[in-house]
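*Asks:* I need the structure of the sequence given here:
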Amino acid sequence: MTGCTQPVQNNSEAVLENIFSRKSVRAYTDESISPMEVETLLKAAMAAPSAKNLQPWRFVVVTEATTKEKLAVGFNKMIAKAPLAIVVCGKVIREDGEPNLNWTADCAAATENLLLAAEALGLGAVWTACYPYEDRMNPAIDALGLPDDVRPYCIVPVGHPLGDDKPKDKWKPGNIHYEKW
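*Replies:* As a prediction, this is how the structure comes out:
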């Protein structure tokens with residue numbers, strides 16, 4: 001039985017190491033991202049949980065320089081310099097015609113999976129906000145030709161890290177309350 005527990009322990013350590021190593025990378029080399037890496041990122045994103053398993057996420061993979069320029073609004077200038085941008089979008093209307101009130105939470109889970117997969121692959125990525133800011137959403141809607149029932153949630157530029165970015169220690173025990181506030 002001990003032979004079975006060791007791989008689980010190593011797997012647990014690897015998962016936790018990946019989580020604690022994740023960092024926001026905003027500068028990239030010119031090296032492209034392979035189609036297999038893109039598919040791995042998207043598979044990881046789609047492995048996220050979603051309310052009622054509706055899986056409202058939709059992804060637009062962007063490598064074209066002119067489109068990335070249109071997405072690089074305000075503080076998101078790094079999008080234009082990344083070899084790849086993945087726009088995480090959400091279907092805001094369910095198949096039954098009702099609003100999907102959980103689409104943002106579901107897209108957030110998918111985005112975190114995408115970021116963790118990028119870290120595991122040795123790539124750099126950063127979550128750049130889109131929703132709910134009209135000045136960021138509208139250029140993405142226009143540049144990508146999104147349908148009326150799909151909204152851009154965030155844009156994740158991805159590339160090979162240019163520098164030596166370090167993860168931030170965000171552990172704050174003061175933010176934790178037990179049993180009640």
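*Asks:* for this structure, what spans make up the helices?
*Replies:* Remark: helices assigned in the chain by DSSP state H are 2-21, 35-46, 65-71, 78-81, 103-120, 134-144.
*Asks:* give me the below-cutoff pLDDT ranges for this protein.
*Replies:* 1-9 (pLDDT under 70).
*Asks:* center of the chain, which residue is that?
*Replies:* The chain has residue 111 as the residue nearest its centroid, 2.8 Å off, counting by CA atoms, centre = their mean.
*Asks:* close enough to count as contact, it and residue 153?
*Replies:* Yes - with contact defined as CB atoms under 8 Å, residue 111 counts as touching residue 153 (7.1 Å). (Glycine included, C-beta is placed from N, CA and C.)
*Asks:* OK, contacts around the residue lying closest to residue 105 once chain neighbours are set aside?
*Replies:* Nearest non-adjacent residue to residue 105, counting by CB to CB, 6 or more residues apart in numbering: residue 51, 6.8 Å away. By CB atoms under 8 Å, 6 or more residues apart in numbering, the residues touching residue 51 are 102, 105-106.
*Asks:* show residues contacting stretch 127-142.
*Replies:* 24, 70-71, 73-76, 78-79, 87, 90, 104, 111, 115, 146, 151-157.
*Asks:* out of these, which end up buried?
*Replies:* Buried subset of the contacts of stretch 127-142 (neighbour count, 16 or more other CB atoms under 10 Å): 70-71, 73, 76, 78-79, 87, 90, 104, 111, 115, 146, 151-157.
*Asks:* so where's the longest strand in this protein?
*Replies:* strand 150-159 (DSSP state E).
*Asks:* on contacts alone, who are the packing partners of that strand?
*Replies:* helix 78-81, strand 84-91, helix 103-120, strand 124-125, strand 128-129, helix 134-144 (3 or more CB pairs under 8 Å, 6 or more residues apart in numbering; DSSP states H and E).
*Asks:* relative to residue 174, which of the ones you listed is closest?
*Replies:* With CB to CB, the closest approach to residue 174 among the helices and strands packed on strand 150-159 belongs to helix 103-120: 23.1 Å.
*Asks:* quick revisit: each with direction, which strands does the longest strand of the chain pair with?
*Replies:* For strand 150-159, the paired strands and their directions (DSSP bridges) are strand 84-91 (antiparallel), strand 124-125 (antiparallel), strand 128-129 (antiparallel).
*Asks:* now, of the ones you listed, which is deepest in the fold?
*Replies:* Sort the strands paired with strand 150-159 by mean neighbour count, taking mean count of other CB atoms under 10 Å, and strand 124-125 sits at the top with a mean of 27.
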